[in-house]
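In: Could you work out the structure for the sequence below:
(chains A and B)
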Amino acid sequence: MISRGFMGRRRTPDVEKRLPPGQYLVTDFPVLSAGPTPRTSLDKWSFTIEGLVRAPARWTWEQFRALPSQKFTVDISCVTKWTKFDMTWGAVSVDTLLEAVDVDPKGRYAMAFCDGGYTTNIALDEMVNGQAFVAYEFDGQPLAPEHGGPARLVVPHLYFWKSAKWIRGLRFMDENQPGFWESLGYNIHGDPWKEERYSGD
Amino acid sequence: MHDDDTQHMDTALMLDGNAAAGELEAIFGRDMTMAVARCYECAADTMIGALMAFTRGPGAVLCCPHCHTSVMRIVETPNGYYVDVRGAAYMRFARL
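Out: Residues are numbered from 1 along each chain as shown, chains lettered A, B, ... in the order given. Okay, the predicted model is just below:
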């Protein structure tokens, strides 16, 4: 792969320090999809937390947008080796969403599920305390469909395939079941700093 | 307007199964683009070269052009190729 990062930008010590191993820096926002871009109208959209919870919670788009929101500025690393610094999202923190449910102590893992059928698994303790959010804005604009709009999960400390586009909910589970890419050779966890790209890494 | 943008983006990102021809030939040792895959979901028969292909991701996803079900997923890793054909009822190959 030709890397624009190496040619277009000097790698200062500061950049070096922020760039996980094996990654190159980009300034654009590459679009990667595992299927056609779904078109769910906002009046049919909902976000659900279900599975191992005392009672499921569900928000319509209006209810979701009325939740307290935050700006998050984070670095993002994709397993296809690009990293983009300082991406700013408008989002609802997963902490805020979890206030509406009582997660069973056995529900230590979640499967994010999406329009179009995509799934990805994340441990509960990697989504709390501001580590993950459901974003509906990027750079101050509504999140474009090709980037996962109306809403996508963002888990910045893991490879970007964990940041499920077109998310519709989280299902809590008692075991760490693999999602769409994790079940086909990709790492169950996906920490860019440990280069957990493939299963067995 | 939004829909137009989306439509445009769908087409921009989407290739056909020929985009995976090289990788498939490396795996199966023969040209696969003329092999027919029957979609497990809607039973449509499509030549692999005519499936919808999404290759700009961690792996390649080939989808049924009729119902958009994922018919085949291919991932190349240092440990080898993973090929998931759960979305195909069968694949039919011409006799060589």
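
In: OK, contacts around residue A:143?
Out: A:135-137, A:149-152 (Cβ atoms under 8 Å, 6 or more residues apart in numbering or on different chains). All C-beta atoms are positioned from the backbone trio N, CA, C, and that covers glycine.

In: Generate CSV for the residues you listed, with distance to chain B, pLDDT and neighbour count as supplementary columns.
Out: Putting the contacts of residue A:143 into CSV (distance: Cβ to the nearest Cβ, whole Å; pLDDT from 0 to 100; neighbours: other Cβ atoms under 10 Å in any protein chain shown) gives the following:
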residue, distance to chain B, pLDDT, neighbour count
A:135, 18, 98, 25
A:136, 14, 98, 20
A:137, 15, 98, 16
A:149, 9, 96, 21
A:150, 10, 97, 21
A:151, 15, 98, 28
A:152, 14, 98, 23
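
In: So which of those residues sit within strands?
Out: Among the contacts of residue A:143, the members found in strands (DSSP state E) are A:135-137, A:152.

In: export stretch B:27-44 as CSV, just CAs?
Out: Listed next in CSV are the C-alpha coordinates belonging to stretch B:27-44 (Å, rounded to 0.1, in the frame of the first residue of the first chain):
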residue,chain,number,x,y,z
ILE,B,27,-7.3,-19.4,-2.8
PHE,B,28,-9.2,-21.8,-5.1
GLY,B,29,-6.6,-22.2,-7.8
ARG,B,30,-9.0,-21.5,-10.7
ASP,B,31,-11.0,-18.6,-12.0
MET,B,32,-14.0,-18.1,-9.8
THR,B,33,-15.8,-15.2,-11.4
MET,B,34,-17.9,-17.5,-13.6
ALA,B,35,-18.8,-19.8,-10.8
VAL,B,36,-22.4,-19.4,-9.7
ALA,B,37,-23.4,-18.8,-6.1
ARG,B,38,-26.9,-19.4,-4.9
CYS,B,39,-27.9,-16.9,-2.2
TYR,B,40,-29.0,-18.8,1.0
GLU,B,41,-31.5,-16.0,1.8
CYS,B,42,-33.3,-15.4,-1.5
ALA,B,43,-32.2,-18.3,-3.7
ALA,B,44,-31.1,-16.0,-6.5
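
In: And the contacts of that stretch?
Out: With contact meaning Cβ under 8 Å, 6+ apart, stretch B:27-44 is reached by B:17-18, B:21, B:24-25, B:45-49, B:51, B:62, B:64-67, B:69, B:71-72, B:74, B:81, B:83, B:85-94, B:96.

In: Just the buried residues of these.
Out: Neighbour counting by 16 or more other Cβ atoms under 10 Å in any protein chain shown classes B:17-18, B:21, B:24, B:46-49, B:51, B:62, B:64-65, B:69, B:71-72, B:74, B:83, B:85, B:87-88 among the contacts of stretch B:27-44 as buried.

In: Contacting chain A as well, which ones from those residues?
Out: The subset of the buried ones among the contacts of stretch B:27-44 within reach of chain A, by Cβ under 8 Å from any Cβ of the partner chain, is empty.

In: In helices, which of those fall?
Out: Members of those lying in helices (criterion: DSSP state H): B:21, B:24.

In: follow-up on the earlier one: and the furthest pair within the ones in strands among the contacts of residue A:143?
Out: Maximum pairwise distance among these (Cβ to Cβ): 10.7 Å, between A:137 and A:152.

In: Just send the ones in strands among the contacts of residue A:143 back as JSON lines, with distance to residue A:167 too.
Out: Output for those, formatted as JSON lines (distance: Cβ to Cβ, whole Å):
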{"residue": "A:135", "distance to residue A:167": "9"}
{"residue": "A:136", "distance to residue A:167": "10"}
{"residue": "A:137", "distance to residue A:167": "14"}
{"residue": "A:152", "distance to residue A:167": "6"}
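
In: quick check, nearest of the residues you listed to residue A:128?
Out: Using Cβ to Cβ, those come closest to residue A:128 at residue A:135, 16.8 Å.

In: Verify the contact between the closest one and residue A:89 for me.
Out: Yes - using Cβ atoms under 8 Å, residue A:135 is in contact with residue A:89, at 4.0 Å.

In: which neighbours do the two share?
Out: Common contacts of residue A:135 and residue A:89 (Cβ under 8 Å, 6+ apart): A:72, A:154.

In: The residue nearest to the spatial centre of chain B pairs with what?
Out: Using Cα atoms, centre = their mean, the residue of chain B that lies closest to the mean C-alpha position is residue B:62, 2.2 Å off. Beta bridges link residue B:62 to residue B:53, residue B:72 when assigned by DSSP bridges.

In: distance of it from residue B:36?
Out: 13 Å (Cβ to Cβ, to the nearest Å).

In: what touches both of those two?
Out: residue B:48.

In: Residue A:132 and residue A:122 touch, don't they?
Out: Yes - in terms of Cβ under 8 Å, residue A:132 counts as a neighbour of residue A:122; the distance is 7.1 Å.
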